[in-house]
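*Asks:* The following comprises the amino acid sequence and a computationally predicted model.
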Amino acid sequence: MRLQTLADPDNPAVSDYRHLTDVALRTATEPASGIYLAESLRVFERALNAGHQPLSVLTTPRWSDAVLALGEKFPAATKDLPVYVEDAGMIESITGFNVHRGTLASMARPHLPTIESLLSSATTIVVLENIVDHTNVGAAFRSAAALGADAVIVSASCADPLYRRSIRVSMGTVMQVPWTRAASWAELVQALHDQNFHLAALALDDQAIPLDVFAAHPPEKLALILGTEGEGLTKQALDSADSVVSIPMHGGVDSLNVAAASAVALWALR
């Protein structure tokens, strides 16, 4: 690692960190630029542990020793890595917000596996269709990691699991759970059926099977499909499902937030 400071917040060396409050900009440019941002030392460590390659680090003096300690733990990945050590005011002028977790790392995006390779050794898959809120994506990944899902597949228009808010909410488990993105729904359904997965759509439906009834005799290979906030799963997803499953509700509540639903369903099906 190479510790250094910047005299100018407009230095192009830290362009990856600039104007991070603009969600639309970051979701558009991070994948296109082949980067993602790991926010906090814990997330940075999980990224390194997953074998992801860092490009640079932006940190404060308070956290610089801890960053160097990570360099000693992962010497191959961090050799000659530029570490920009700046005060909180300088970092805020670069990023546009108070980085209270003290450390940001620009990381090269890993190559995503094929759907087929992801399914080859899996028995429980979570499929996220068109979920647009990064917080919900991150929370669903955390549920998948904590409750035993083997992998996650996101639809073509699902929010980016490696957007920094998704990573933060997931506590870095987006690096822990194998995942990939499907190019099309038809391709995904075909791949799941080719590998003998039972597609269970979690949705509100008068004919849906209650979750506890479904969980009493679960299929050997299961793909649990969760839909977008508000509208839920598309007709295409529901039509492709082998079963429609619902979580029984009480107290006049019709449904749970998709992230909470993922945790309840995965726990019941563990």
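*Replies:* Structure's in. What do you need?
*Asks:* Can you tell me the SS state at the closest residue in space to T180 that isn't next to it in sequence?
*Replies:* With C-beta to C-beta, 6 or more residues apart in numbering as the criterion, T180 has its nearest non-adjacent residue at 4.4 Å, and that residue is L112. To be clear about C-beta, it is placed using only N, CA and C from the backbone, and glycine gets the same treatment. Recorded secondary structure, L112: coil (DSSP: H, G, I helix; E, B strand; the rest coil).
*Asks:* Surely L112 is in contact with A182?
*Replies:* No. The pair L112 / A182 is not scored as a contact, 10.2 Å apart, by C-beta atoms under 8 Å.
*Asks:* who's more crowded, these two?
*Replies:* Taking other C-beta atoms under 10 Å, L112 and A182 do not tie; A182 has more neighbours (20 against 13).
*Asks:* How about the backbone phi and psi for that one?
*Replies:* Torsion angles at A182 (phi, psi; degrees, to the nearest 10) stand at phi -80, psi 140.
*Asks:* What of V152?
*Replies:* phi -130, psi 140.
*Asks:* Please name the spatially closest residue to it (chain neighbours excluded).
*Replies:* Spatial nearest neighbour of V152, chain neighbours left out: W179 (4.2 Å); criterion: C-beta to C-beta, 6+ apart.
*Asks:* got a list of what that neighbour touches?
*Replies:* With contact taken as C-beta atoms under 8 Å, 6 or more residues apart in numbering, W179 is in contact with 112, 118, 141, 151-154, 161.
*Asks:* what bits of the stretch 151-270 of the chain have low per-residue confidence?
*Replies:* For the stretch 151-270 of the chain, no stretch has pLDDT under 70.
*Asks:* which residues of it fall in strands?
*Replies:* 151-154, 179-181, 198-202, 209-210, 222-226, 243-246 (DSSP state E, counting those that start in this stretch).
*Asks:* Can I get the first one as CSV, trimmed to CA atoms?
*Replies:* Right, strand 151-154. Output in CSV follows, covering the C-alpha atoms of strand 151-154 (Å, rounded to 0.1, in the frame of the first residue of the first chain):
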residue,chain,number,x,y,z
ALA,A,151,-27.3,-18.3,-4.4
VAL,A,152,-29.2,-15.3,-5.6
ILE,A,153,-30.2,-14.4,-9.2
VAL,A,154,-31.5,-10.9,-10.0
